[in-house]
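1. test case, fold it:
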Amino acid sequence: MSTETTLDDITRSIWEQVQFTADLCVKCNICTSHCPVANVTDLFPGPKYVGPQAQRFRNPKELSVDDSLDYCSGCGVCTMVCPHGVKVMEMNAKARYKLYRDKKPIPLRNRLLGRTELQGMLGSPFAPIANAVFQLRPVRILTEWVLGIHRDAPFPPFSFETFRGWFRGVYQKSPHRLKSEKKVVYFHGCSTNYYEPRVGKAALAVLEHNGFEVVVPEQVCCGLPLLSNAEFDAARHKACQNIASLVKYAREGYKIVGTSTSCTLSLKSDYRHILDIDTEDARLVAEQTYDICEFLLDLANAGELKTDFQPMEAVIPYHAPCQLKAHNMGLPAIDLLEMIPGVKIQLVQADCCGIAGTYGYKKEKYQIGMDVGRPLFEQVIASGSPIAICDSETCRWQIGHATGAKMLHPVELLAQAYGLDVNQG
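-> Below you'll find the model as predicted:
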C-alpha cells in the first residue's frame, strides 16, 4: 500500500468519526430551520447550538452541561439537511449519553421505554388482560403520575400470537412453504413480533410470491430504543448479539431484509456510527441489509418483481418517516405501490410525526410530539382516506392515534394487491 493511499485511508477514518465533523459546520442554521422540535418549543434551542457549536467546547474529561439535549428527538432531520456533512444527530446522541453517564441517572421511565423486547415478552402472553387493563383511564393516569409516561401516549395493543410463535408453529410446518435456491433473511424486530405479526406475515407472503425462501434467524431487539434513551452499553450488547447471528448469513451472500425501517437503519448505520461497533462483521451485516421496500424495488428495477397485482381504486396518503429518509434510498414504497393498477399515493408534506420512537411517550414531551406532527395529521384527515401508509411502526401508532386512520405498512398493501392469504403458511 502506498503512503498516499494510507494517508487517504487515515483521513477518511478521522472524518467518519462523528465528533470531528463539527469542524465542517459553517453555522448556516439550515439544520435549526428544519428542526421539527425547535420549531414548536423554546425548550430546545436547535441542533446547531447543542451539536457542532457545543461540541467544540466539550472536554471529554469534564461533565456535560447540555441539559437541553434531552429535548432532541433524534429524528435525524438535521443530519439529512446539512449541506456540509456534519453528523449533527449522531453527535447529539453521543452527547446525551455522556450527559446521563456523567451528570444524572437515567430515569426508570426511560429504562422501561428502552426495553421494548422485555415489554413484549411480559405483555404478549397475557395480551387480552394486559390490553384491557392498560386501556383503563385510571391506570393510565396512575402510570403518568408514577412513571412519567403520558396518559394519552399511543401504546399499541399486545398480540397474543407472536410472529415467531406463528412462524415456528404454523409457517415452518406448512406443506405449502416455499423451498427455493433464492433465500433472504428476515429481521422482524420487536414491533412485528409482539404487536403487529400481521406485518411479518405479509412480508413473508410477498417474498415467497416473488420466489424467495425466507429464513428467520435468532435475533433480539435492534437496540435503538436503548440507544435513544442513552443506554449505550445495553444497546451495544443487543447489537453484538444481532451481528453475531446475522453475519454468517451475510458471509454466504444472503440479503437481510427488514420491515422496520428503524431496525434496518440500526443494522446499516447506527451500530457503526453511534455505537462505534466498526468491525468487519458489522460492516458486512450493514452492506447486506435492506429495507423491504428497497429490496423489492431493486427487484422491480431488475425486472424480477412479479407485477400480477389486482386493481385497487384508491388515493392513499403516505408518510415517509424520518428513519426511512436517513437510509438515503429515496421513497421506494411510493414507486412500488403505484405499480398497483388504480392506486395513487399522496405523499404527505411533513417532515416528522413527532413520536420519534419513545420520545412522544414521555409526559413532558407528549405535547411537543403532537405539535410537531400536527401538519401531518391535518393532511391525513383532509385526504378523507380511511387508511394511510407508513413504513415505521411507532409513526403508524402516532398517526393512527391522532387521526383515527387505519395504518398499514406498505408490504401489507402489496400483499392485498397480490391477493395473498397472509395467515396460511
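
2. okay, domains of the protein per the record?
-> Using automatic domain parsing, the domain parsing of the chain gives 15-102, 306-418.

3. just the element for the residue most central in space within the chain, please.
-> With distances taken as C-alpha atoms, centre = their mean, Ser262 lies nearest the centre of the chain, 1.7 Å away. In this structure, Ser262 sits in helix 261-265 according to DSSP states H and E.

4. please save the CA atoms from that helix in CSV.
-> C-alpha atoms of helix 261-265 as CSV (Å, rounded to 0.1, in the frame of the first residue of the first chain):
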residue,chain,number,x,y,z
THR,A,261,-37.1,1.0,8.9
SER,A,262,-35.7,1.9,12.3
CYS,A,263,-34.3,-1.6,12.8
THR,A,264,-32.7,-1.7,9.4
LEU,A,265,-31.2,1.7,9.9
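
5. output the below-cut-off pLDDT ranges for this protein.
-> Applying pLDDT under 70 to the chain flags the ranges 1-24, 26, 46-66, 424-425.

6. which elements pack onto the longest helix that it contains?
-> Taking DSSP state H as the assignment, the helix of the chain that covers the most residues is helix 232-251. Secondary-structure packing of helix 232-251 (3 or more C-beta pairs under 8 Å, 6 or more residues apart in numbering; DSSP states H and E): strand 183-187, helix 224-228, strand 255-258, helix 280-287. All C-beta atoms are positioned from the backbone trio N, CA, C, and that covers glycine.

7. out of those, which one sits most buried?
-> Among the helices and strands packed on helix 232-251, helix 224-228 has the highest mean neighbour count (mean count of other C-beta atoms under 10 Å), at a mean of 26.

8. which residues touch that helix?
-> Helix 224-228 is contacted from outside by 74, 93, 113-116, 232, 234-235, 238, 262-263, 265-266, 270, 274-275, 356-359, using C-beta atoms under 8 Å, 6 or more residues apart in numbering.

9. and with 6 Å instead?
-> 74, 114, 116, 234-235, 262, 266, 357-358 (C-beta atoms under 6 Å, 6 or more residues apart in numbering).

10. dump those into a markdown table; add distance to Tyr366 as well.
-> Below are these laid out as a markdown table (distance: C-beta to C-beta, whole Å):
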| residue | distance to Tyr366 |
| --- | --- |
| Gly74 | 16 |
| Gly114 | 17 |
| Thr116 | 18 |
| Ala234 | 24 |
| Ala235 | 24 |
| Ser262 | 20 |
| Ser266 | 24 |
| Gly357 | 13 |
| Thr358 | 11 |
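
11. now the longest helix of the chain, how far from the centre of its chain.
-> The chain centre lies 17 Å from the centre of helix 232-251; the measure is C-alpha atoms, centre = their mean, to the nearest Å.

12. all strands of this protein, in order?
-> For the chain, the strands defined by DSSP state E occupy 183-187, 213-215, 255-258, 289-291, 314-319, 343-347, 387-390, 406-408.

13. among those, which comes closest to Ile334?
-> Closest of these to Ile334 is strand 343-347, at 4.9 Å (criterion: C-beta to C-beta).

14. burial measure for the spatially closest residue to Val133 that is not a sequence neighbour, as a count.
-> Excluding its sequence neighbours, the residue lying closest to Val133 (C-beta to C-beta, 6 or more residues apart in numbering) is Val139, at 5.9 Å. Per other C-beta atoms under 10 Å, the neighbour tally for Val139 reads 13.

15. how near is Val139 to Thr116?
-> The gap separating Val139 from Thr116 is 19 Å, by C-beta to C-beta, to the nearest Å.

16. follow-up on the earlier one: by neighbours, which of the contacts of helix 224-228 wins?
-> Neighbour-wise, these (other C-beta under 10 Å) top out at Ser266, 29 neighbours.

17. is it correct that that residue is in contact with Gln219?
-> No - contact criterion C-beta atoms under 6 Å: Ser266 and Gln219 do not qualify, at 11.6 Å.

18. returning to that earlier point: in JSON lines: the helices and strands packed on helix 232-251, plus distance to Ser392.
-> Below are the helices and strands packed on helix 232-251 laid out as JSON lines (distance: least, C-beta to C-beta, whole Å):
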{"stretch": "strand 183-187", "distance to Ser392": "15"}
{"stretch": "helix 224-228", "distance to Ser392": "11"}
{"stretch": "strand 255-258", "distance to Ser392": "11"}
{"stretch": "helix 280-287", "distance to Ser392": "19"}
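
19. out of these, flag the one nearest Cys395.
-> helix 224-228 (13.5 Å).

20. can you get me a residue count around the closest residue to Leu178 other than its chain neighbours?
-> Leaving aside its sequence neighbours, Leu178 sits nearest to Glu208 (C-beta to C-beta, 6+ apart; 4.6 Å). The number of residues packed near Glu208 is 19, by other C-beta under 10 Å.

21. next one: the one 5 residues further on
-> By the measure other C-beta under 10 Å, the count of residues near Glu213 is 14.

22. how near is it to His409?
-> Taken as C-beta to C-beta, the span from Glu213 to His409 is 21 Å.

23. just Thr192 next, same as before
-> Computed as C-beta to C-beta, the Thr192 to His409 distance reads 9 Å.

24. overlap in contacts, those two.
-> Taking C-beta under 6 Å, 6+ apart as the contact rule, Thr192 and His409 both touch Val199.

25. returning to what we had before: nearest to Val88, of the contacts of helix 224-228?
-> Gly74 (10.7 Å).

26. skipping adjacent residues, who's closest to the closest one in space?
-> Per C-beta to C-beta, 6+ apart, closest to Gly74 is Ser228, 5.4 Å.

27. what separation is there between the one you found and Thr394?
-> 11 Å.

28. and for Gly373, nearest residue in space, chain neighbours not counted?
-> Closest residue in space to Gly373, ignoring its immediate chain neighbours: Gly354 at 3.5 Å, by C-beta to C-beta, 6+ apart.

29. got the contact list for that neighbour?
-> So Gly354 contacts 360, 369, 372-373 (C-beta under 6 Å, 6+ apart).

30. can you do 8 Å?
-> Listed by C-beta under 8 Å, 6+ apart, the contact set of Gly354 reads 36, 73, 360, 368-373, 376, 398.

31. same check, this time on Met312
-> 340-343, 413, 416-417.
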